[in-house]
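K.L.:
Please work out how this folds:
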Amino acid sequence: MLNTTKKFKWDGVDIVLKSGRRTGFTVIDSLIGLTIICSFSLFYIQTIHQMNQNIESQEQVMVDEREKYESEILNQ
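P.N.:
Here you go, the predicted structure:
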(Lines give C-alpha, C1' and ligand atoms only; values in the text may rest on other atoms or scores of the structure.)
Protein backbone atom coordinates (compact mmCIF):
# COMPACT_ATOMS: atom_id res chain seq x y z
CA MET A 1 0.00 0.00 0.00
CA LEU A 2 1.58 3.22 -1.16
CA ASN A 3 0.30 6.58 0.05
CA THR A 4 1.37 9.44 -2.20
CA THR A 5 -0.19 12.80 -2.82
CA LYS A 6 0.08 15.04 -5.84
CA LYS A 7 -0.82 18.70 -5.79
CA PHE A 8 -2.09 20.54 -8.87
CA LYS A 9 -3.34 24.05 -9.40
CA TRP A 10 -6.30 24.40 -11.78
CA ASP A 11 -8.15 27.70 -12.30
CA GLY A 12 -6.65 29.03 -9.11
CA VAL A 13 -7.89 26.08 -7.05
CA ASP A 14 -5.46 23.73 -5.38
CA ILE A 15 -6.32 20.10 -6.12
CA VAL A 16 -4.80 17.32 -4.06
CA LEU A 17 -4.89 13.80 -5.50
CA LYS A 18 -4.31 11.00 -3.06
CA SER A 19 -3.06 7.67 -4.35
CA GLY A 20 -3.56 5.13 -1.63
CA ARG A 21 -5.73 2.46 -3.23
CA ARG A 22 -5.15 -1.09 -2.27
CA THR A 23 -4.03 -3.37 -5.09
CA GLY A 24 -6.23 -6.19 -3.79
CA PHE A 25 -9.33 -4.07 -4.23
CA THR A 26 -8.30 -3.23 -7.80
CA VAL A 27 -7.77 -6.91 -8.64
CA ILE A 28 -11.12 -7.96 -7.14
CA ASP A 29 -12.90 -5.08 -8.89
CA SER A 30 -11.36 -6.10 -12.22
CA LEU A 31 -12.31 -9.75 -11.73
CA ILE A 32 -15.91 -8.82 -10.91
CA GLY A 33 -16.07 -6.66 -14.04
CA LEU A 34 -14.67 -9.44 -16.23
CA THR A 35 -17.11 -11.93 -14.70
CA ILE A 36 -20.06 -9.67 -15.47
CA ILE A 37 -18.89 -9.05 -19.03
CA CYS A 38 -18.30 -12.76 -19.67
CA SER A 39 -21.67 -13.73 -18.18
CA PHE A 40 -23.60 -11.34 -20.39
CA SER A 41 -21.53 -12.35 -23.42
CA LEU A 42 -22.39 -16.02 -22.84
CA PHE A 43 -26.05 -15.12 -22.36
CA TYR A 44 -26.02 -13.17 -25.64
CA ILE A 45 -24.32 -16.02 -27.54
CA GLN A 46 -26.78 -18.59 -26.14
CA THR A 47 -29.76 -16.40 -27.06
CA ILE A 48 -28.51 -15.88 -30.62
CA HIS A 49 -27.84 -19.62 -31.00
CA GLN A 50 -31.34 -20.52 -29.81
CA MET A 51 -32.93 -17.92 -32.09
CA ASN A 52 -31.01 -19.31 -35.09
CA GLN A 53 -32.15 -22.85 -34.24
CA ASN A 54 -35.78 -21.67 -34.07
CA ILE A 55 -35.45 -19.87 -37.41
CA GLU A 56 -33.96 -22.97 -39.05
CA SER A 57 -36.71 -25.23 -37.73
CA GLN A 58 -39.42 -22.78 -38.83
CA GLU A 59 -37.83 -22.55 -42.29
CA GLN A 60 -37.94 -26.35 -42.54
CA VAL A 61 -41.62 -26.37 -41.55
CA MET A 62 -42.30 -23.71 -44.19
CA VAL A 63 -40.52 -25.73 -46.89
CA ASP A 64 -42.44 -28.89 -45.93
CA GLU A 65 -45.78 -27.07 -45.97
CA ARG A 66 -44.99 -25.47 -49.33
CA GLU A 67 -44.10 -28.85 -50.85
CA LYS A 68 -47.33 -30.30 -49.47
CA TYR A 69 -49.33 -27.37 -50.89
CA GLU A 70 -47.67 -27.62 -54.31
CA SER A 71 -48.30 -31.37 -54.48
CA GLU A 72 -51.99 -30.78 -53.67
CA ILE A 73 -52.24 -28.20 -56.46
CA LEU A 74 -50.62 -30.57 -58.97
CA ASN A 75 -53.02 -33.40 -57.99
CA GLN A 76 -56.13 -31.30 -58.62
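
K.L.:
next structured bit after the lowest-mean-pLDDT helix or strand in the chain?
P.N.:
Least confident helix or strand, the chain: strand 4-10 with a mean of 72, by mean pLDDT, DSSP states H and E. Using DSSP states H and E, the helix or strand that follows strand 4-10 in sequence is strand 13-19.

K.L.:
and that following strand, which strands flank it?
P.N.:
Looking at strand 13-19 with DSSP bridges, its partner strands are strand 4-10 (antiparallel).

K.L.:
quick one: the partner strand to chain centroid distance?
P.N.:
38 Å (C-alpha atoms, centre = their mean, to the nearest Å).

K.L.:
Quick check: which element contains the residue positioned nearest the centre of the chain?
P.N.:
Geometric centre of the chain, nearest residue: residue 41, 3.6 Å, by C-alpha atoms, centre = their mean. Assessed by DSSP H and E, residue 41 sits inside helix 23-75.

K.L.:
Could you list the low-confidence segments of the protein?
P.N.:
The model of the chain has pLDDT under 70 over residues 1-4, 19-24.

K.L.:
before we move on, back to that, off-centre distance for the helix holding residue 41?
P.N.:
The chain centroid and the centroid of helix 23-75 are separated by 14 Å under C-alpha atoms, centre = their mean.

K.L.:
Skipping adjacent residues, who's closest to residue 18 in space?
P.N.:
Closest residue in space to residue 18, ignoring its immediate chain neighbours: residue 5 at 5.3 Å, by C-beta to C-beta, 6 or more residues apart in numbering. All C-beta atoms are positioned from the backbone trio N, CA, C, and that covers glycine.

K.L.:
What separation is there between the one you found and residue 17?
P.N.:
Distance from residue 5 to residue 17, counting by C-beta to C-beta, to the nearest Å: 7 Å.
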